[in-house]
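*Asks:* Need coordinates for the following:
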Amino acid sequence: MTEQGAAIVVKPGAVRLDDLVRVLAGQPVVLDSSFWPRVEAAAEIVAKAARADVPVYGINTGFGKLASKRIPPDQTALLQRNLIVSHCCGVGPATPEPIVRLMMALKIISLGRGASGVRREVIEQLQAMLARRVYPLVPQQGSVGASGDLAPLAHMTAVMIGEGQAIVDGNIVPGSEALATAGLAPLTLGPKEGLALINGTQFSTAYAISGVLRAFRLARAALVTGALSVDAAMASTAPFRPEIQVLRGHAGQIAAAATLTALLDGSDIRLSHLEGDERVQDPYCLRCQPQVAGAALDLIVQAARTLIVEANAVTDNPLVLVETGEIVSGGNFHAEPVAFAADSLALALSEIGAISERRIATLVDPALNFGLPPFLTPDPGINSGFMIAEVTAAALYAENKQRALACSIDSTPTSANQEDHVSMAAHAARRLSDMADNLAAILGIELLVAAQGITLRAPHATSAPLAAVIAALREQVPALGADRYMAGDLARAAALIEADALPAAAIAALPSDPFPRLD
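*Replies:* Model prediction:
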């Protein structure tokens, strides 16, 4: 994509992940002008079918189980309007604005492929709403991920036609008022247009794309907190040698070990126990980091590949084949690829947290932490130190473990058995937000605990990049002496994790960037 003024010009089929990052950050999108002829050609095919006597699903028939009902031409607009308002059955809290914004952009990309049969005005309405920050209020719950994200996308479409509710400048207003305030008129939907707008996976995909981006940032942060824990525990770096990783061959494992090695290079703590250390092997939570973090990285990368394909996909039904003039019913609305990707991301988030929690437990336990005081307080007994911070990490990990159960295998028939197998992609993707919140908090606790452990290893010092990370932490949270109110410390540490501040601090102290990339 290229930029046109403040907007991103999208070329459906060639949209990249970094383009969608900018949409999440607030940039609107417009369709590349070279795609309009195909959009208009598909719309003309639909208009011709609507005037004909031959029944074509979704154009001159009812929907779903009601597909056998013929609809006369003079009721086409009413059919589309009724479809939208009847499907506005979402419940639960409002979807966050960045996710709604991305969902709208993904719908523009999908319709812009010119296989959905909508008029140019439909895409332009979405573009104008994005540009003028008219964001539909979309309840989070109600989609089973086939036949598309029907309820969430209906709430989006309702505002386009002057129905439903929108969020404008932080205020909830009727859809008609939101359009009027933005200088826009309600759209009257033509044949198939309502169906094209609500059939699709854009709600699930938007949540999943947000999830994959957060998961990757957290995986990078976990490499830093893991390296800090290695030094705090005076653990060995030999398991990170590249020869070991190459013999197994997984790309994520090789990358994770290389990052850990770069972060720990030059540590005086490591040099101080190269000889005379009676320990033969470290616990798995320290020694097997490349294998666990690397496997998580591989899952995240594969999920990203799936989701960028889906971001460029046409996922409504029926589809218009411009080359042949045919209108063909299929099943691209089934969100199984998104559900599988979201389930994979949930596994990665859970396992990154699981091994981090074990490192935290190791560091606070005097039987395992190689000479550090219990719970890392300089004066144990009168002080409890990080005792309950570790318990909090365990609680959050347990939540994530429960949430990591696969959603994609939990199909249930809907719509009078017409839609008899569904993906459950919507809540598979939605839960990633809460899981990422939990993981950020777990890694924040590990950051606090490992930095405290390294401080207690003085006069021995850690490596330059890890010292830079600790310095960034100390700008927000001082080292723990006597017990104090801890909730604020945990919140500030989690915020550093979320802000990608740990890799940034480490990179500033290194000659090159050793962290994996998500291209």
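*Asks:* residues contacting Arg217?
*Replies:* Arg217 is in contact with Glu498, Asp500, counting by CB atoms under 8 Å, 6 or more residues apart in numbering. Every C-beta, even on glycine, is put in place using the N, C-alpha and C of the backbone.
*Asks:* again with Val449
*Replies:* Counting by CB under 8 Å, 6+ apart, Val449 makes contact with Ser229, Ala232, Ile360, Leu363, Val364, Leu376, Phe386, Ala389, Glu390.
*Asks:* For the second one, what are phi and psi?
*Replies:* Spelled out, that is Ala232. phi -60, psi -40 (degrees, to the nearest 10).
*Asks:* Of the contacts of Val449, which is the nearest to Val54?
*Replies:* Proximity of these to Val54 (CB to CB) peaks at Ile360, which lies at 66.0 Å.
*Asks:* just checking, next helix/strand downstream of the one helix or strand that closest one maps to?
*Replies:* Assigned by DSSP states H and E, Ile360 belongs to helix 336-364. Next in sequence after helix 336-364, counting helices and strands by DSSP H and E, comes helix 387-403.
*Asks:* list the helices and strands that next one packs on?
*Replies:* If you count contacts as 3 or more CB pairs under 8 Å, 6 or more residues apart in numbering; DSSP states H and E, helix 387-403 packs onto helix 336-364, helix 425-455.
*Asks:* quick one: which of the contacts of Val449 is nearest Leu17?
*Replies:* Set against Leu17, the nearest of those by CB to CB is Ser229 (30.0 Å).
*Asks:* who are the neighbours in contact with that closest one?
*Replies:* So Ser229 contacts Ala235, Cys285, Leu286, Arg359, Ile360, Thr362, Leu363, Glu446, Val449, Ala450, Gly453 (CB under 8 Å, 6+ apart).
*Asks:* mind listing what the last one touches?
*Replies:* Same thing as Gly453. By CB under 8 Å, 6+ apart, the contact list for Gly453 reads Leu228, Ser229, Asp231, Ala232, Ala233, Leu363, Asn369, Leu372, Leu376.
*Asks:* thinking again about what came up before, save the helices and strands packed on helix 387-403 as a markdown table, and put in distance to Tyr485 and mean pLDDT too.
*Replies:* Output for the helices and strands packed on helix 387-403, formatted as a markdown table (distance: least, CB to CB, whole Å; pLDDT from 0 to 100):
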| stretch | distance to Tyr485 | mean pLDDT |
| --- | --- | --- |
| helix 336-364 | 19 | 98 |
| helix 425-455 | 14 | 98 |
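*Asks:* ok, Asp298 to Lys107 distance?
*Replies:* Asp298 sits 30 Å away from Lys107, going by CB to CB, to the nearest Å.
*Asks:* So those two - more neighbours on which side?
*Replies:* Neighbour count, other CB atoms under 10 Å: between Asp298 and Lys107, Lys107 has more, with 27 against 19.
*Asks:* ok, now which ones touch the residue lying closest to Glu498 once chain neighbours are set aside?
*Replies:* Nearest residue to Glu498 in three dimensions, chain neighbours excluded: Ala440, at 5.0 Å (CB to CB, 6 or more residues apart in numbering). For Ala440, the contacting residues are Leu218, Ala221, Ala494, Ile497, Glu498, by CB under 8 Å, 6+ apart.
*Asks:* List the ones among these that fall in helices.
*Replies:* Counted as lying in helices by DSSP state H, out of the contacts of Ala440, are Leu218, Ala221, Ala494, Ile497, Glu498.
*Asks:* other SSEs contacting the helix holding Ile360?
*Replies:* With contacts taken as 3+ CB pairs under 8 Å, 6+ apart, helix 336-364 sits against helix 202-232, helix 284-287, helix 289-311, helix 387-403, helix 425-455.
*Asks:* coming back round to it: buried members of the contacts of Gly453 into PyMOL, please.
*Replies:* PyMOL command restricting those to the buried ones, with burial defined by 16 or more other CB atoms under 10 Å:
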select buried, resi 228+229+231+232+233+363+369+372+376
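*Asks:* Same list (the contacts of Gly453) but as JSON lines, adding distance to Ala404.
*Replies:* Supplementary listing: these in JSON lines, determined by distance: CB to CB, whole Å:
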{"residue": "Leu228", "distance to Ala404": "25"}
{"residue": "Ser229", "distance to Ala404": "22"}
{"residue": "Asp231", "distance to Ala404": "29"}
{"residue": "Ala232", "distance to Ala404": "27"}
{"residue": "Ala233", "distance to Ala404": "27"}
{"residue": "Leu363", "distance to Ala404": "24"}
{"residue": "Asn369", "distance to Ala404": "28"}
{"residue": "Leu372", "distance to Ala404": "31"}
{"residue": "Leu376", "distance to Ala404": "29"}
